Structures are given as structure tokens and as C-alpha cells.
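J.: Show me how the following folds:
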Amino acid sequence: MRRDGILFDIQQVEGSKEKRYQNLLQQVKGVLEDETDWLPNLANSASLLYHCLDRVNWAGYYLLRNDELVLGPFMGLPACIRIPLGKGVCGTAAVEGKTLVVPDVMKFPGHIPCDAASRSEIVIPLESEGKLLGVLDIDSPVGERFDDEDRYYLEQFVRLLISKTDWTNI
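T.: Residues are numbered from 1 along each chain as shown. Next up, the predicted model:
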């Protein structure tokens, strides 16, 4: 991946989940280093998540527009375009303002199936200065793929993204 003539090598590292997440956090810091625009930052960070996390079939963002979440930058198969607040995992996480780890999406009340292969999901709200901007959504074709360690590091990932991005024109 190139950014202003600098080559970035997306790497999956071997070892513990902690080591892999620390590598991911270092890579996203590099991608965000000299860029503050929300659009390329969301696009590049979705790509990093998709390529660096194992057993993931979709990674991307839904952005708040009026009273619904609208599909933003992502990697994976085409997805649902609009999700009402309070509906599905994404809409529920947005309304509750907290990360949701869903071990089995088929058991989640009101689950909205965008990719029939998805079996588990994690959704982290994006908030800046107390304002909901949207959510980060990551799906896996493997049941029980996400746990508290994923939650911890992905919340760090989101905090870093929020802090390095200018959200005034979203």
C-alpha cells in the first residue's frame, strides 16, 4: 500500500493474539500518521482490519446519517446499505453506545443477515466528543470468533482512529 510515495507492507504476524493486535495498532498508526480526512482513514483502516485479522469475512463502517446507519468504507462482500438505529447488531450497538460481541449471530434477536456466511460479529460504536458517528462492524464465518481480548484491542483501534481523524465534515 502506498501513501505519498511511502510503501506500507500489510503484515500478519505469528504469535499470540496480543502480539498480532499490537502489530495491527502499529500499522494503523502508520496509515493515520499524516492523514486526518475521515474517508481515507476509514477506508485504509477497514483494509488493515480485513487483511490483518484472521477468520474475518467482512470489516467496515456504518456511518450515522439522520436516524439510520449508512454503509461506509468496508472490505468484503457487498453489504446492507441502510440499518435503522436499534435494529440488528449494528443498530443495537449504536443505540446502546457500547461494544457488542455476538458469538452466534443466528441467536441475536433481529439479526440482519448481510452475508450468509457470517456466524459471529463484533460491533464497536464510533463516538467523538459525545457524538455518535457510526459503528465499526467486523464479521466472521466462524462461531465464537470474538472475545474480550478482541473487544479490548478493537476498542483501542477505534480510539486511535477517532483521535487521529478530523470528523467535522462527516
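J.: Enumerate every residue touching the residue nearest in space to the middle of the chain.
T.: Among the residues of the chain, the one closest to the centroid is L136, at 3.1 Å (CA atoms, centre = their mean). Contact analysis of L136 by CB atoms under 8 Å, 6 or more residues apart in numbering lists 49, 59-61, 123-124, 126, 154, 157-158. For every residue, glycine as well, the C-beta is placed using N, CA and C.
J.: If we use 10 Å, what do you get?
T.: 42, 45-46, 49, 59-62, 72, 74, 90, 93, 99, 122-126, 154-155, 157-158, 161 (CB atoms under 10 Å, 6 or more residues apart in numbering).
J.: Keep only those of these that are in helices.
T.: Judged by DSSP state H, the subset of the contacts of L136 located in helices is 42, 45-46, 49, 90, 93, 154-155, 157-158, 161.
J.: What ranges does the protein have for its strands?
T.: 2-3, 6-7, 58-65, 68-76, 82-84, 100-102, 120-128, 131-140 (DSSP state E).
J.: Any idea which of those strands gets closest to T165?
T.: strand 120-128 (8.1 Å; CB to CB).
J.: Partner strands of that closest one, with direction?
T.: strand 100-102 (antiparallel), strand 131-140 (antiparallel) (DSSP bridges).
J.: ok, and the closest non-adjacent residue to the residue nearest to the centre of the chain?
T.: Spatially, and ignoring its direct neighbours in sequence, L136 is nearest to I124 (4.6 Å; CB to CB, 6 or more residues apart in numbering).
J.: Give me the pLDDT for the one you found.
T.: pLDDT, I124: 98.
J.: What's the separation between the residue lying closest to L132 once chain neighbours are set aside and A93?
T.: In this structure, L132 finds its nearest non-sequential neighbour in L64, 5.4 Å apart by CB to CB, 6+ apart. Per CB to CB, to the nearest Å, L64 is found 12 Å from A93.
J.: How much space separates R119 from P109?
T.: 16 Å.
J.: quick one: which of the two has more around it?
T.: R119 (20 against 7; other CB atoms under 10 Å).
J.: Report the beta-bridge partners for the residue lying closest to L63 once chain neighbours are set aside.
T.: Spatially, and ignoring its direct neighbours in sequence, L63 is nearest to G134 (3.9 Å; CB to CB, 6+ apart). Following DSSP bridges, G134 is listed with bridge partners L63, L126.
J.: Return the residues in contact with G134.
T.: So, once contact is read as CB under 10 Å, 6+ apart, G134 ends up touching 38, 42, 61-65, 69-72, 90, 94, 125-127, 170.
J.: do the same with P109
T.: P109 sits next to 88-89, 92 when contact means CB under 10 Å, 6+ apart.
J.: Most neighbours among those, which one?
T.: Ranked by the number of neighbours (other CB under 10 Å), the contacts of P109 place G88 first, at 26 neighbours.
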